[in-house]
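K.L.:
Pasting the sequence and the predicted coordinates here, then a few questions.
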Amino acid sequence: MAIFGAPTATPEDALNAVKAAITMQKRIIKLNQELQADGFEQISVGMGLHTGEATIGYIGSDKRSEYTAIGDTVNLASRLESNATGGQILISEATEA
C-alpha cells in the first residue's frame, strides 16, 4: 500500500499515484525480462487506486506500532486491487476526476 497526500494533501496526489502505478507496471515488465533471462518465473501485479479521506497515523500498541491508513477509502482501493489482474491498474471515478 502506498499513501499519497499524507500528512498534507495536495491537488496532485491522485495524479502522482497514477504516475507511480504506471512506472511500477513498466518496471515489472523489465524485471520479468531479467527474471526470465536468469531462469526464474515471471511475476504480475494488479493495482487499485482510490482517492478520498482516510484515518492515517500510527496504530497499534507499545510493543508493535505501524504507520497506516484505515477507512472506506482504503477498503475501496483494496477491493479494486483484488479485482485487478496482473498488469492492470483499476482506478475509481474519484481518482479519475
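P.N.:
Arrived safely, thanks for sending.
K.L.:
Other residues contacting the helix ranked longest in the chain?
P.N.:
The longest helix of the chain (DSSP state H) is helix 13-37. With contact meaning Cβ atoms under 8 Å, 6 or more residues apart in numbering, helix 13-37 is reached by 2, 4-5, 41-45, 47, 49, 51, 87, 89, 91, 94-95, 97. Where C-beta positions appear, they are placed from N, C-alpha and C, glycine not excepted.
K.L.:
can we see that at 6 Å?
P.N.:
For helix 13-37, contacts defined as Cβ atoms under 6 Å, 6 or more residues apart in numbering pick out 4-5, 42, 45, 47, 49, 51, 89, 95.
K.L.:
Starting from it, tell me the next helix or strand along the chain.
P.N.:
Downstream of helix 13-37, the first helix or strand assigned by DSSP states H and E is strand 47-49.
K.L.:
Buried residues, that next one. List them.
P.N.:
For strand 47-49, burial by neighbour count (16 or more other Cβ atoms under 10 Å) applies to 47-49.
K.L.:
what would the residues you listed look like in CSV with distance to L31 and pLDDT?
P.N.:
Shown next, in CSV, are the buried residues of strand 47-49 (distance: Cβ to Cβ, whole Å; pLDDT from 0 to 100):
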residue, distance to L31, pLDDT
M47, 15, 98
G48, 20, 98
L49, 21, 98
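K.L.:
burial count for I59?
P.N.:
Each residue near I59 was counted by other Cβ atoms under 10 Å, and the total is 13.
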